[in-house]
Structure formats: structure tokens, C-alpha cells
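Asks: Prediction below, plus the sequence it came from.
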Amino acid sequence: MTAETEERWADVADVADLGPTGRHVCELDGRSILLCRTGGDILAVSNRCTHLGQPLEKGRIMSGRIYCPHHSACFDLRTGEAMSGPAVTRLPCYAVRVEAGRVWIQAQ
């Protein structure tokens, strides 16, 4: 594997950090990332709505989707697809792995 194709993973949180709300905000390379527990999985997406860049961390999570608390845009947490406006641009998603109680995300 060359340096160009080598995957880079970052240890960003303890599983316990997700607490009772099932979410946690962390930083990676200057980007705000939202970790969400949904359906038994931990998923990682950008913490910024693609509509106006507002934080998503207080958004409602239902059926694998997150709703922006500012303008109600809806995104699929697994794919990042914008499911309803005003956002039309996909939300960046990050691969997640959990090892020994730590959450790792793949840096892009």
C-alpha cells in the first residue's frame, strides 16, 4: 500500500462520550464531526448543514435521519443524502470503526 492509498484513521472519542443522547461532537483536521448512535451503529457526519453551515448536533434524529434544527433540512445519516430542502447538497459522511471502546473515524 502506498502513502497515497494508505487509509488514515483517527481516534476521536470514547464510546461512553455518546452518553444518553447518543451523540457527540468531535474535531478532525479542523472540521466539526457529529457522531450519532442509531440502530445500534455509530455513524459520523459533518456537524454542519450543507444549506447554511449551521450545526446539526441538536437536530432531531429519527429513522436513521437527522433534521437540521435551524431550517429543517433532512439528511440520511448513512449516506449523507439530502432528503428534503432547503438543503440539496449531500452531507459529508465518515467511515467509523469501534475498537476497545474507542471510536475511530477515517480521515478524508
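Replies: Structure received.
Asks: For the residue nearest the centre of the chain, which residues count as its bridge partners?
Replies: What sits nearest the mean C-alpha location of the chain, by CA atoms, centre = their mean, is residue 45, with 2.0 Å. Beta bridges link residue 45 to residue 34, residue 93, judged by DSSP bridges.
Asks: wait, it sits on residue 77?
Replies: Yes - here residue 45 lies in contact with residue 77, judged by CB atoms under 8 Å, at a distance of 6.1 Å. For glycine as for every other residue, the C-beta is placed from the backbone atoms N, C-alpha and C.
Asks: overlap in contacts of these two?
Replies: Jointly contacting residue 45 and residue 77 under the rule CB atoms under 8 Å, 6 or more residues apart in numbering are 36, 66, 93.
Asks: so who does the residue nearest to the second one when sequence neighbours are not counted touch?
Replies: Leaving aside its sequence neighbours, residue 66 sits nearest to residue 59 (CB to CB, 6 or more residues apart in numbering; 4.7 Å). Residue 59 makes contact with 66-69 under the criterion CB under 8 Å, 6+ apart.
Asks: low-confidence ranges in this structure?
Replies: Within the chain, the segments meeting pLDDT under 70 span 1-6.
Asks: From residue 78, how far off is residue 70?
Replies: Distance of residue 70 to residue 78, computed by CB to CB, to the nearest Å: 22 Å.
Asks: Sorry, slip of the keys, the one I care about is residue 53.
Replies: From residue 53 to residue 78 the distance is 22 Å (CB to CB).
Asks: May I ask you to confirm that residue 32 is in contact with residue 49?
Replies: No - using CB under 8 Å, residue 32 is not in contact with residue 49, being 11.3 Å away.
Asks: which neighbours do the two share?
Replies: Common neighbours of residue 32 and residue 49 (CB under 8 Å, 6+ apart) are residue 55.
Asks: quick one on the thing from earlier: who wins on neighbours among the shared contacts of residue 45 and residue 77?
Replies: Counting neighbours by other CB atoms under 10 Å, residue 66 leads those with 25 neighbours.
Asks: Isn't that residue up against residue 55?
Replies: No - in this structure, residue 66 is not within contact of residue 55 by CB under 8 Å, at 11.2 Å.
Asks: Contact partners for residue 11?
Replies: 102-104.
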